[in-house]
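Asker: fold the following, please.
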Amino acid sequence: MRRVAGLLAALLVVAVLSGCSVRSDIPPAVPSRVPTGSAPTQPTDGPTAQVAAGWLADGRTIGVVTWGSSSCVPVGGAATVAGDTITVPLAAAAGQRACTSDLAPRVTLVATPAGVDPAQDYDLRVVGSEVSGEADLDGVDGLAGPSAPPTDGPSAGWTGEDGLFVIVTFGSGCRPRVEDAAATGPAEVTVTFARAPRGQMCDMSYGPRGSVAHVSGLQESEGVTAVLNGDGLDGVRVPVVGEN
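Answerer: Residues are numbered from 1 along each chain as shown. This is a model prediction of the structure:
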């Protein structure tokens, strides 16, 4: 009986092998793990979008302007510098909810990296899953840069886009909205912030908030002063650094 069982098993193996031919048109199996160092590079940048930037707070801060939903402002990570290129990572805010479908300029405030000289021109590169793009960040003489002492005073700077400038004010977590910006002199623009909506709840934090304004009709491109009204400000005057 054992001999019969062994003979039957051998015949079964021969039958299986003879009925299964090897096909040359089947590609070889792909390894389940790609060896370290040979993994393909996948793009991590988001959609390419328009970007602009300007100096703020005596060069301690860079205002990075992107276009998108006004209710969903990207959050900036730690900026880095290599040569004449400043790289700024942007990401969606934690817990961000549904965004409005409008298209508007939004400003993200990032600290100027150590070693940057605001008097020099830089290429600013924005990277991240939300948006990516590049902008020229023109140098401005007389700014202290990253070594400037901290301040809670407002400031403003041109972005390189015609008539577009960024503003920093300090207050609660509710970002102020520019209601109007109008030329009130050859080198003066008056900015009016809108009243906060009735019932708006703001956290009690205190820190810098960024706003974007656009003005036309100025006769001068340098030495412009912004007069700020609203949002707790009453006629505060700040220079708009840079050139329009």
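Asker: now the terminal residues of stretch 121-132, how far apart.
Answerer: Taking C-alpha to C-alpha, to the nearest Å, stretch 121-132 runs 20 Å from one end to the other.
Asker: centre of the chain to that stretch, how far?
Answerer: Distance, stretch centre to chain centre, for stretch 121-132: 7 Å (C-alpha atoms, centre = their mean, to the nearest Å).
Asker: pLDDT on it, on average?
Answerer: Taken as a whole, stretch 121-132 carries a mean pLDDT of 91.
Asker: quick one: contacts of it?
Answerer: With C-beta atoms under 8 Å, 6 or more residues apart in numbering as the contact definition, stretch 121-132 has outside contacts at 44-49, 51, 53, 62, 64, 66, 68, 74, 77, 81, 84-92, 116, 133-139. C-beta here means a position set from N, CA and C on the backbone, and glycine is covered the same way.
Asker: go through these and flag which are in helices.
Answerer: Among these, no member falls in helices (DSSP state H).
Asker: pick out the residue nearest the middle of this protein.
Answerer: With distances taken as C-alpha atoms, centre = their mean, L90 lies nearest the centre of the chain, 3.7 Å away.
Asker: and the gap between it and Q120?
Answerer: L90 sits 23 Å away from Q120, going by C-beta to C-beta, to the nearest Å.
Asker: likewise A53?
Answerer: Shown here: A53 relative to Q120, a distance of 14 Å by C-beta to C-beta.
Asker: so for the two, which sits in the more crowded spot?
Answerer: A53 (29 against 12; other C-beta atoms under 10 Å).
Asker: right, and the more buried one touches E161 too?
Answerer: No. Look at A53 against E161 with C-beta atoms under 8 Å: they stay out of range, at 9.6 Å.
Asker: where do the contact lists of the two overlap?
Answerer: V65.
Asker: ranges for the helices of the protein?
Answerer: Assigned helices in the chain, in chain order: 2-19 (criterion: DSSP H).
Asker: where does pLDDT dip in it?
Answerer: Applying pLDDT under 70 to the chain flags the ranges 1-46, 199.
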